[in-house]
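**Student:** Let me see the structure of the following:
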Amino acid sequence: MDMIWANSGDSHWIEEPDFWDRHLPPKLASRMPRAVVSADGLSETVYVDGQSFERRLPTVYRNKNEDGLTMVEESSARAPGAGNPRLRLADLDHEGVWGELIFASVGLWQFMIRDPELAREGVKAQNDWTASEIAGVSKRFVPTAGVSLLDVGDAVTELQRCAGLGFRAVCLPIDPPEGHDQFNRDTWEPLWSAAEEAGIAVAFHIGTSDAKDLAPHRGPGAMVQNYVEQSYGGQRAAMRMVSSGALDRHPRLRLVIAEGGASWVPFLGDRMNEAYRQHHRWVRPKLSRLPKETLFDQVYTSFMHDVSAVATLTAMGYNNVMWGSDYPHVEGTFGHTQETLHELFDAVPAEARHRITRGAFLDLFPDVGEPPATGAS
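**Tutor:** Now for the predicted structure:
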């Protein structure tokens, strides 16, 4: 197969088990997020500042032949560059991935911390290391910064510091910490202003809700239901930011909803428009344009395997669709990236293929540049 080069709108790095011990004083390090895998390897327990929850570890199934679904044994440990940025480049070159928007893994659970000092020092330590050891290795890497949302002032200060370190994106949970105003409230205006001024994209990664919300369904079909459920949080975050006028007031601010698919965007836009037009008398605030226009213009999304995401661009006019590998997580495409890209894009016009695989990403992060001019584009 010819190489299809793509940028990834959703990738991750895997923290070493002693990461926090190496970067924080012992009294703080022991309370930071860590994961302990069960003896049978089927689940893990995540510990965060006195809180804990257990979750199943995913196993991947793929269509390999006419006999149906064949189980493929995969784990993040199989990717040599999962925790090593320099080895990571070899993985990406082999897979045909050029630039990456990179999120933490266990570190995503920092939003569960309720101690302002711990949250503040934790994100600073992670950001300093990420700026040096990920972003500093290659311009192809676009790691996300973290901020503590326990205090808006702290969040703004850290975002501005991260802008000075060269960060181009910040990761936020899909909901603020418990007891704090939702993102549709004016409380967060200083943060949106700071991100817009710094040219930093605000990335909401799905699944970053309270642990109690990770598996709300039980009984037949619960695994599938809970997996799908995680995507709804990103949709709600986008809806709040559009309908509240936050994006209207900050037209240069860009959002990324990572790993949540894309085909929901036209549907959500239509429903929001209908509400805005048909119930305009009760709508507050009034917006300068219809919600769908803002959604299509300022919100970017990433997907992995969804055929419907491609049609979202080619048939529905939503252009801010990014493919993502989810490297090195097992839901992702590592080990079969080229197979996946060819399945998705071989029958897609070249302009649409380029837009999804590389163009939309370059809107946000142009500095990653272009891959070698070899193989398919």
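
**Student:** Assign Phe334 to one of the three secondary structure states.
**Tutor:** With DSSP: H, G, I helix; E, B strand; the rest coil as the basis, Phe334 sits in coil.

**Student:** Can you check the pLDDT for it?
**Tutor:** We have a pLDDT of 94 for Phe334.

**Student:** and what of the one 5 residues further on?
**Tutor:** Glu339 carries a pLDDT score of 96 in this model.

**Student:** what's around the closest residue to Ala198 other than its chain neighbours, how many residues?
**Tutor:** Nearest non-adjacent residue to Ala198, counting by Cβ to Cβ, 6 or more residues apart in numbering: Ala163, 3.8 Å away. In short, each C-beta sits where N, CA and C put it, glycine included. When neighbours are counted by other Cβ atoms under 10 Å, Ala163 registers 18.

**Student:** So Phe303 is in contact with Ala258, correct?
**Tutor:** No: judged on Cβ atoms under 8 Å, Phe303 makes no contact with Ala258 at a distance of 9.6 Å.

**Student:** So for these two, which residues contact both of them?
**Tutor:** Gly324 (Cβ atoms under 8 Å, 6 or more residues apart in numbering).

**Student:** tell me the secondary structure for the residue lying farthest from the centre of the chain?
**Tutor:** Relative to the mean C-alpha coordinate of the chain, counting by Cα atoms, centre = their mean, the farthest residue is Arg281 (35.7 Å). Of the three states, Arg281 takes helix under three-state DSSP.

**Student:** Can you give me the distance of the residue nearest to Ala198 to Val147?
**Tutor:** 11 Å (Cβ to Cβ, to the nearest Å).

**Student:** before we move on, what about Gly136?
**Tutor:** Remark: distance between Gly136 and Val147 (Cβ to Cβ) = 20 Å.

**Student:** Over to Pro291?
**Tutor:** For Pro291 relative to Val147 (Cβ to Cβ), the value is 27 Å.

**Student:** higher neighbour count, the two?
**Tutor:** Counted by other Cβ under 10 Å, Pro291 and Val147 do not tie: Val147 has more neighbours, with 29 against 25.

**Student:** And for that one, nearest residue in space, chain neighbours not counted?
**Tutor:** In space, and not counting its chain neighbours, Val147 is closest to Ala155: 4.2 Å by Cβ to Cβ, 6+ apart.

**Student:** who's in contact with the one you found?
**Tutor:** So Ala155 contacts Val147, Ser148, Leu149, Leu191 (Cβ under 8 Å, 6+ apart).

**Student:** Confirm the third one sits in a helix?
**Tutor:** No: judged by three-state DSSP, Leu149 forms no part of a helix; its state is coil.

**Student:** doesn't Asp175 make contact with it?
**Tutor:** No: using Cβ under 8 Å as the test, Leu149 is too far from Asp175 to be in contact (9.5 Å).

**Student:** Tell me where the stretch 101-250 of the chain has strands.
**Tutor:** In the stretch 101-250 of the chain, the strands defined using DSSP state E, counting those that start in this stretch lie at 141-143, 145-146, 169-172, 201-205.

**Student:** Contacts for the first one next, please.
**Tutor:** Put plainly, it is strand 141-143. Outside strand 141-143, the residues touching it (Cβ under 8 Å, 6+ apart) are 13, 85, 88, 99-103, 130-131, 134-135, 167-169, 365, 368.

**Student:** The same query, at a cut-off of 10 Å, please.
**Tutor:** Residues outside strand 141-143 that contact it (Cβ atoms under 10 Å, 6 or more residues apart in numbering) are 7-9, 11, 13, 85, 88-89, 92, 99-104, 126-127, 129-131, 133-137, 162, 166-169, 171, 201, 203, 361, 364-365, 367-368.

**Student:** and it, which strands flank it?
**Tutor:** Strand pairing for strand 141-143, using DSSP bridges, gives strand 97-103 (parallel).

**Student:** Mind checking the pLDDT average for the partner strand?
**Tutor:** 98.

**Student:** do the same with stretch 242-260
**Tutor:** The pLDDT scores in stretch 242-260 average 98.

**Student:** do stretch 131-143 as well
**Tutor:** On average, stretch 131-143 scores 97.

**Student:** what does stretch 13-26 give?
**Tutor:** pLDDT averaged over stretch 13-26 gives 94.

**Student:** buried sites along it?
**Tutor:** Buried residues in stretch 13-26, counted by 16 or more other Cβ atoms under 10 Å: Trp13, Ile14, Glu15, Phe19, Trp20, His23, Leu24.
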